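K.L.:
I need the structure of the sequence given here:
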Amino acid sequence: MKYLRIYILILMSVFLISCKQNRAEGRKIIVSPEMQGVTTPYGPKGITRNIIQDKKGNIWIAAFTGIFRYDGKSFTNIISNVSSARFFSVLEDRKGNLWFGSIGSGVYCYDGKSFQNFTTGDGLLNNEVTAIYEDNKGNIWFGVSGGASCYNGESFQNYVIDGNTMNEDGTGKTFAKRRSYAVNCIVEDKTGKFWFATGGNTFVYDGKTFTTVTNADGKAFKNVRSVIEDKKGAVWLGGAHGLWRYNGSTFTNFTHAFVGYIIEDKKGNIWTSSENADRQGWVLLRYDAKTLTDGRPVATEVKSGEKMIFGILEANDGRIWFGSLNGVYRYNGKDITDFKTNDSLQ
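P.N.:
Take a look at the predicted model:
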């Protein structure tokens with residue numbers, strides 16, 4: 001009996017040590033007054049990947065020159081004194097924390113006072129974070145090079161792309177280097193299934209199995225960059241095969257041009273960034289909601305002449321923000337502001 005108690009105590013000790021090792025602590029960075037960031041009257045001047053609006057109405061921009069907060073008057077690069085990484089993705093979670101995904105330095109969580117940096121050393125699958133998503137349970141998902149990581153507030157569960165398949169990893173592996181495919185977008189639909197858009201196949205995950213998404217001809221949707229679910233429950237996919245809508249039974253194609261990003265606005269219009277007809281540049285298009293069901297969609301060209309157009313946001317005031325290779329733009333329904341000079345802030 002004595003030896004049994006000792007054996008149980010040893011097992012409990014091993015278990016507790018193991019749990020502590022698997023817990024993702026992250027490197028904490030306290031923001032002092034002199035680290036509050038650099039404020040300018042203009043926005044980022046380089047590659048601008050993603051844009052969101054927080055609960056307070058601030059605009060947050062993930063750019064290769066930092067993370068910018070726009071308060072309606074000026075731009076502040078809040079991370080300039082914390083990290084020199086290139087930033088790709090941004091999310092505000094339900095608790096008000098902001099998450100910033102970088103290329104090479106993992107992900108940063110910002111609570112308004114301090115940053116917490118999570119990397120492969122904490123269990124993140126890879127340090128190139130291309131997408132961030134919060135699911136209905138409050139878990140934070142990260143699309144990374146090589147697969148995805150799900151953070152439950154304590155530890156990471158990883159999912160690995162293996163050629164044409166994707167599977168849950170039970171070994172705790174991480175990838176120090178860039179892999180062949182990255183997860184570009186993650187969305188949970190109304191049925192609770194997750195859609196993973198990757199540089200390879202597109203997958204639907206029901207919590208147990210990853211299923212490859214294929215068209216009626218049996219061909220897989222490859223290199224999908226953006227997935228959204230609209231107000232009616234239809235799923236839209238944009239990527240190398242163009243723009244597609246899935247109503248639960250059939251896929252409908254709207255264009256074969258390469259599509260980068262998709263959003264649905266308050267009126268039900270679909271906005272995309274995509275290659276133009278001659279593949280010599282990119283355009284920002286608005287598909288009229290009233291024409292999306294009659295087989296003759298009407299697309300209005302809002303912005304052209306850009307070498308690339310990235311993330312799109314409809315702000316609370318209805319204005320459309322979008323990123324490019326040369327910074328950020330805002331469209332008010334008539335005019336486009338580029339935020340490249342002091343005169344832009346009006």
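
K.L.:
Next one: S149 from I140, what distance?
P.N.:
S149 sits 9 Å away from I140, going by C-beta to C-beta, to the nearest Å. Bear in mind the C-beta positions are built from the backbone N, C-alpha and C, glycine included.

K.L.:
out of the two, which sits in the more crowded spot?
P.N.:
Shown here are S149 and I140; by other C-beta atoms under 10 Å, S149 has more neighbours (29 against 21).

K.L.:
number of nearby residues for R27?
P.N.:
R27, neighbours per other C-beta under 10 Å, totals 13.

K.L.:
Would you map the strands across the stretch 1-150 of the chain?
P.N.:
27-30, 38-40, 48-53, 59-63, 66-70, 75-77, 86-92, 98-103, 107-110, 114-118, 129-134, 140-144, 147-151 (DSSP state E, counting those that start in this stretch).

K.L.:
how about those, which one is nearest F210?
P.N.:
Nearest to F210 among the strands of the stretch 1-150 of the chain is strand 147-151 (10.4 Å), distances taken as C-beta to C-beta.

K.L.:
partners of that closest one, with directions?
P.N.:
strand 140-144 (antiparallel), strand 156-162 (antiparallel) (DSSP bridges).

K.L.:
what's the last one in contact with?
P.N.:
Spelled out, it's strand 156-162. By C-beta atoms under 8 Å, 6 or more residues apart in numbering, the surrounding residues in contact with strand 156-162 are 24, 118, 122-125, 146-150, 166-169, 172-174, 179-181, 183, 196, 198, 200, 205, 210.

K.L.:
Equivalent analysis for the shortest one, please.
P.N.:
Under the contact criterion C-beta under 8 Å, 6+ apart, strand 140-144 has outside partners 89, 91, 93, 99, 101, 107, 124-135, 148-151, 182-186, 194, 196, 198.

K.L.:
Point me to the residue sitting closest to the centre of the protein.
P.N.:
A131 (2.9 Å; C-alpha atoms, centre = their mean).

K.L.:
In this model S89 seems to touch that one, though I could be wrong.
P.N.:
Yes. Shown here, A131 and S89 form a contact pair, counting by C-beta atoms under 8 Å, at 5.4 Å.

K.L.:
got any ranges where this protein has weak pLDDT?
P.N.:
Along the chain, segments meeting pLDDT under 70 span 1-22, 30-36, 342-346.

K.L.:
and if we set it to 90?
P.N.:
Flagging of the chain using pLDDT under 90 yields the residue ranges 1-38, 40-41, 216-217, 277-280, 293-296, 340-346.

K.L.:
what's the overlap in contacts for A131 and S89?
P.N.:
101, 143.

K.L.:
OK, contacts around V107?
P.N.:
Contacts of V107 by C-beta under 8 Å, 6+ apart are 99-101, 117-118, 124, 129, 132, 142.

K.L.:
Of those, which is the most crowded?
P.N.:
V129 (32 neighbours).

K.L.:
The protein: helices as residue ranges?
P.N.:
2-22 (DSSP state H).

K.L.:
what about C150, distance to L237?
P.N.:
22 Å.

K.L.:
In terms of neighbours, single out the busier of the two.
P.N.:
Per other C-beta under 10 Å, whichever of C150 and L237 has more neighbours is L237, with 25 against 20.

K.L.:
residues contacting that one?
P.N.:
So L237 contacts 197, 202, 213, 221, 224, 226-227, 243-244, 246 (C-beta under 8 Å, 6+ apart).

K.L.:
try 10 Å this time
P.N.:
L237 makes contact with 185, 187, 195, 197, 202, 213, 221, 224-228, 243-246, 251, 259, 262, according to C-beta atoms under 10 Å, 6 or more residues apart in numbering.

K.L.:
which of those are buried?
P.N.:
For the contacts of L237, a burial check counting by 16 or more other C-beta atoms under 10 Å picks out 185, 187, 195, 197, 202, 213, 221, 224-228, 243-246, 251, 259, 262.

K.L.:
I'd like to know which of the residues you listed are part of strands.
P.N.:
Here DSSP state E is the test, and the buried ones among the contacts of L237 give 185, 187, 195, 197, 202, 224-228, 243-246, 251, 259, 262 as lying in strands.

K.L.:
V259 against S226, yeah?
P.N.:
Yes. With contact defined as C-beta atoms under 10 Å, V259 counts as touching S226 (6.8 Å).

K.L.:
what do the two both touch?
P.N.:
Contacts common to V259 and S226, judged by C-beta under 10 Å, 6+ apart, are 236-239, 243, 272-273.

K.L.:
what about T214, neighbour count?
P.N.:
13.

K.L.:
That one and T202 touch, don't they?
P.N.:
Yes. T214 lies in contact with T202 (C-beta under 10 Å); the separation is 8.8 Å.

K.L.:
what is in contact with these two at once?
P.N.:
Joint contacts of T214 and T202 (C-beta under 10 Å, 6+ apart) are 220-221.

K.L.:
K137 versus D338, what's the distance?
P.N.:
Taking C-beta to C-beta, one finds D338 at 40 Å from K137.
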